[in-house]
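> Sequence unavailable; structure follows:
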Ligand code: FES
Ligand SMILES: [Fe+2]
């Protein structure tokens, strides 16, 4: 059985990552090259030249085609070889690379993981808040050496913040946190509420009222196949948010044991303040690159070829409730797809 759901949309890149310089990226076990045509439309085709297997991503764009860096065969956006500079210039009949169904929406380039004919544009997850006016999103991405679901486990499990990110998100009253896990329409929602709290350190630099006390509420929403949006709020007694942000976390499998992690933080306050952008970038660097990544990668190495901790763990915790449910839904969908 496949380790990922095929007939669904995954993120291939943030829009700004793809331009007129070919971008090599391995996604869903496929070696791809991504680029934009002259009219700006993004293209994703196989990266391995069928002649002597040079990566097309090392080549150059000629109009809407890409030219192999080794002997100059040219391929168009459908993956078809359209020019051969050698001999009688005849194009070998089987000279083509695969092409992939991609769509740009909400500042992301999405790729369909299954058969082209089954691609359904209406099924692209709605992340339109990323493009709403009066918001600002600071984004980034990481390559990670862990199965994509181990990353989803981490994002759905809000309790890790108090330990893995103690210096950033730790608060004194964590022991009184209340956890709620709900599931509906193949979506899982986890809410962790910490009453009578100070603002956690990472939020102070971004908030309007850094010294406020109130309820620190973290919410994670998982949806198929591997998208988590989280909502961090800090409410004063009056229920007026002192801090509110939306986090976007999307995992795309690269191989069974590696993945691409796309993240962003969207805010609705202090939009034009570059010091807030810097604080968000500092949080991403500290939280994601220096704290989550080494722990998740090390745990993945401990697990060897296994990628599902649920059956393996002898120490289940109540805080695993959300990720166990998300895994169950995804497993069921993969099994259905495999027939
Ligand atoms: S390897 Fe691409 S043209 Fe020879
Ligand atoms: Fe984390």
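Looks like it arrived, so ask away. As the structure is a computational prediction, the values presented were derived from the model and not from experiment. Ligands and ions are numbered 1, 2, ... in the order given.

> and residue 75, what does it touch?
Residue 75 makes contact with 45, 56, 65, 66, 68, 81, 82, 96, 97, according to C-beta atoms under 8 Å, 6 or more residues apart in numbering. Heads up, the C-betas are built off the backbone N, CA and C, glycines and all.

> From the residues you listed, pick the one nearest residue 207.
residue 45 (45.4 Å; C-beta to C-beta).

> Could you give the number of residues near that closest one?
23 (other C-beta atoms under 10 Å).

> got it, and residue 108?
If you count neighbours by other C-beta under 10 Å, residue 108 ends up with 25.

> now swap in residue 175 and tell me
7.

> tell me the domain boundaries of this protein?
The chain is divided into the following domains under automatic domain parsing: 9-123, 128-338.

> pLDDT of the shortest one, averaged?
On average, the pLDDT along domain 9-123 is 97.

> got it, and the longest one?
In this model, domain 128-338 has a mean pLDDT of 93.

> just to revisit the earlier point, near ligand 1, which of the contacts of residue 75 show up?
Restricting those to those near ligand 1 by C-beta under 6 Å from any ligand atom leaves residue 68.

> In TSV, list the contacts of residue 75 along with secondary structure.
Formatted as TSV, these follow (DSSP: H, G, I helix; E, B strand; the rest coil):
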residue	secondary structure
45	strand
56	helix
65	strand
66	strand
68	coil
81	strand
82	strand
96	strand
97	coil
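
> Return the members of the contacts of residue 75 classed as buried.
The neighbour-count test (16 or more other C-beta atoms under 10 Å) marks 45, 56, 65, 66, 68, 81, 96, 97 as buried among these.

> ok, the residues you listed vs ligand 1, which is closest?
For the buried ones among the contacts of residue 75, the minimum distance to ligand 1 (C-beta to the nearest ligand atom) is 3.2 Å, reached by residue 68.

> Tell me which residues touch residue 296, please.
With the criterion set at C-beta under 8 Å, 6+ apart, residue 296 makes contact with 144, 146, 150, 151, 154.

> Residue 162 falls within a helix, correct?
Yes - the assignment for residue 162 by three-state DSSP puts it in a helix.

> and it, what does it touch?
Applying C-beta under 8 Å, 6+ apart, the residues contacting residue 162 are 169, 170, 171, 174.

> same check, this time on residue 290
No residues are in contact with residue 290 under the rule C-beta under 8 Å, 6+ apart.
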